[in-house]
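Q: Okay, predicted coordinates and the sequence, questions at the end:
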Amino acid sequence: MKKRFRGYALIVTVEQNTHDRLPNLGEGVTADGNLIERVLLDEDVCGYGSDRVIRLGGKSATAENIHTALATLRKTVEPEDPVFFYFSGHGDASSCDGSEGASLFPWNADIDRCENVLTSGLLAQAWGAIPSKRKLAVVDACYSGGLRMTKSTAVEDKRLSRPKLNALSEGEGSVLISSSRSVEPSLILPQDSTSLFTKHLANGLLGYGGHDGDGFVRVFDLFNYVAVEVQSEASKQSPVYAAYHQDQNFAVAYCVDAKRRKMRKSLTETTADISQLQTITAVFCSLYPLGPTDQGIWERAGGDLSQLQLNGRGRTDWFRAIQLMDRGGGSLTIEMLCREALLDYPRNRDLEFLQRFYPANTL
């Protein structure tokens with residue numbers, strides 16, 4: 001019998017602000033929020049119901065609405081209910097009201113008058129009032145909608161900075177995961193439509209990093225998976241984990257092996273932000289991290305390496321190779337590649353799924 005899991009979530013994406021000194025961040029922020037929302041709402045892979053996920057984006061992501069949503073969570077959740085808070089938008093490493101800590105900027109933030117700004121103190125007060133002992137806050141406040149750019153802050157010197165929202169990690173049962181260190185940008189890689197960090201965060205919630213025997217994805221394991229995967233693609237970006245008196249590896253999502261095939265299908269059919277090419281790339285990169293040349297897998301399956309554009313970066317090389325197959329080149333199919341890989345990894349569930357899910361002659 002499935003154990004009780006009743007998760008609550010607040011997802012906030014601020015793609016554009018009313019203040020003229022806060023540039024438009026574009027579709028990347030929207031894509032991140034859409035991806036996290038779809039993952040949490042899929043009852044087949046995560047334990048969050050549609051009535052327990054609040055999404056605020058665009059003009060609805062005002063300071064008032066965010067505070068109202070946090071107050072709703074305070075009145076609704078119970079101590080053992082997991083609570084997930086995700087924010088993507090502008091932030092600053094200082095607090096505009098002079099208090100210690102950082103700030104996040106809702107849609108209607110006035111950074112000159114310090115009005116409608118989510119300071120670290122205000123967030124800590126609202127966050128701490130939620131009675132759950134299993135609270136996870138995830139902040140991606142350093143990346144923009146363009147490749148290798150950072151979210152501009154209110155400060156004029158444009159230094160790379162991550163909001164130091166340590167207050168969100170204070171109190172019993174509170175954990176904060178940030179996308180990068182204070183001097184690092186958060187990236188969107190060429191082949192992705194979402195940020196690198198959020199892509200792996202979503203995959204972790206879906207169970208790509210594993211789960212316990214009861215099917216629960218737990219917070220320590222989620223962070224470890226995300227940190228390793230992010231750094232495997234971008235060594236200069238390091239996600240940060242912060243917790244205060246937190247030694248409980250609490251569950252943040254629910255996923256079981258019997259449902260992994262449906263999970264993969266959900267990624268390829270309903271999640272536009274992680275395309276089927278990226279899904280296949282993730283599988284082969286995890287098995288052959290050096291790329292199509294690793295263990296000679298491409299040539300063993302019948303492929304011609306001279307047709308590939310290889311740069312020595314495993315994940316990028318895999319994406320380009322699979323993209324070539326998608327376009328009808330390379331003389332290989334997914335079925336052929338999986339059949340050869342299964343000789344190295346017998347009964348690998350990901351390979352077995354890909355081999356059956358995709359037709360023999362096409363993606």
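A: That came through fine.
Q: Which stretches in this protein count as helices?
A: Ranges of helices in the chain, per DSSP state H, are 27-41, 63-76, 120-128, 196-205, 219-233, 260-270, 276-287, 297-300, 314-326, 334-344, 349-357.
Q: and the fifth one, average pLDDT?
A: For helix 219-233, mean pLDDT rounds to 88.
Q: Please apply the same query to the first one.
A: The average pLDDT within helix 27-41 is 87.
Q: before we move on, the earlier item: if I average pLDDT within each of the helices of the chain, which one is lowest?
A: helix 260-270 - the lowest mean pLDDT of those, at a mean of 39.
Q: What's the local residue count around the closest residue to Gln231 other than its chain neighbours?
A: Counting by Cβ to Cβ, 6 or more residues apart in numbering, Ser238 is the residue found nearest to Gln231 once chain neighbours are left out, at 6.3 Å. In short, each C-beta sits where N, CA and C put it, glycine included. By the criterion of other Cβ atoms under 10 Å, Ser238 has 14 neighbours.
Q: Tell me if I'm right that Ser238 and Glu229 touch.
A: No - in this structure Ser238 lies outside contact range of Glu229 using Cβ atoms under 8 Å: 11.9 Å.
Q: which neighbours do these two share?
A: The contact sets of Ser238 and Glu229 do not overlap (Cβ atoms under 8 Å, 6 or more residues apart in numbering).
Q: quick one: the residue nearest to Gln231 and Ala9, what's the gap?
A: As for Ser238, its distance to Ala9 is 25 Å (criterion: Cβ to Cβ, to the nearest Å).
Q: so which of the helices of the chain is the most packed in?
A: Ranked by mean neighbour count, the helices of the chain are led by helix 196-205 with a mean of 26 (mean count of other Cβ atoms under 10 Å).
Q: Outside of that helix itself, list whatever touches it.
A: Helix 196-205 is contacted from outside by 32, 35-36, 39-40, 45-46, 88, 138, 140, 143, 177, 179-180, 186-189, 192, 194, 209, 217, 222, 225-226, 229-230, 233-234, 237, 239, 252-253, 255, 274, 278, 282, using Cβ under 8 Å, 6+ apart.
Q: Next: stretch 218-236.
A: 134, 136, 175, 177, 184, 187, 189, 196-197, 200-201, 203-205, 208-212, 237-239, 241, 249-253, 289, 315.
Q: In strands only, show me these.
A: Among these, the members found in strands (DSSP state E) are 136, 175, 177, 241, 251-253.
Q: Distance to Ala109, pLDDT and neighbour count added to those, as TSV?
A: Output for these, formatted as TSV (distance: Cβ to Cβ, whole Å; pLDDT from 0 to 100; neighbours: other Cβ atoms under 10 Å):
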residue	distance to Ala109	pLDDT	neighbour count
Leu136	24	90	25
Val175	25	85	23
Ile177	23	87	24
Tyr241	27	82	17
Ala251	34	82	23
Val252	28	84	29
Ala253	31	83	25
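Q: Adding distance to Asn311, write the residues you listed out as TSV.
A: Formatted as TSV, the ones in strands among the contacts of stretch 218-236 follow (distance: Cβ to Cβ, whole Å):
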residue	distance to Asn311
Leu136	36
Val175	37
Ile177	30
Tyr241	31
Ala251	39
Val252	35
Ala253	34
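Q: Looking at these, which is nearest Gly26?
A: Nearest to Gly26, judged by Cβ to Cβ, of the ones in strands among the contacts of stretch 218-236 is Ile177 at 23.2 Å.
Q: Skipping adjacent residues, who's closest to that closest one in space?
A: Val138 (5.0 Å).
Q: From Val175, how far out is that neighbour?
A: Counting by Cβ to Cβ - Val138 and Val175 are separated by 9 Å.
Q: cool, Val252 as well?
A: 9 Å.
Q: overlap in contacts of the two?
A: Residues touching both Val252 and Val175 (Cβ under 8 Å, 6+ apart): 136, 219.
Q: Quick check: chain neighbours aside, which residue is closest to His67?
A: Ala126 (6.2 Å).
Q: Same check on Thr72?
A: Nearest residue to Thr72, sequence neighbours excluded (Cβ to Cβ, 6+ apart): Ile54, at 7.2 Å.
Q: May I have the beta-bridge partners of that neighbour?
A: Leu10 (DSSP bridges).
Q: Next, the contact list for it, please.
A: Contacts of Ile54 (Cβ under 8 Å, 6+ apart): 9-11, 69, 72-73.
Q: Generate JSON lines for these, with distance to Ala341 as supplementary columns.
A: Shown next, in JSON lines, are the contacts of Ile54 (distance: Cβ to Cβ, whole Å):
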{"residue": "Ala9", "distance to Ala341": "36"}
{"residue": "Leu10", "distance to Ala341": "40"}
{"residue": "Ile11", "distance to Ala341": "36"}
{"residue": "Ala69", "distance to Ala341": "45"}
{"residue": "Thr72", "distance to Ala341": "47"}
{"residue": "Leu73", "distance to Ala341": "44"}
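Q: Quick check: the farthest pair among these?
A: Ile11 and Thr72, at 13.7 Å, using Cβ to Cβ across those.
Q: Tell me how many other residues surround Asp214.
A: Neighbours around Asp214, by other Cβ under 10 Å: 11.
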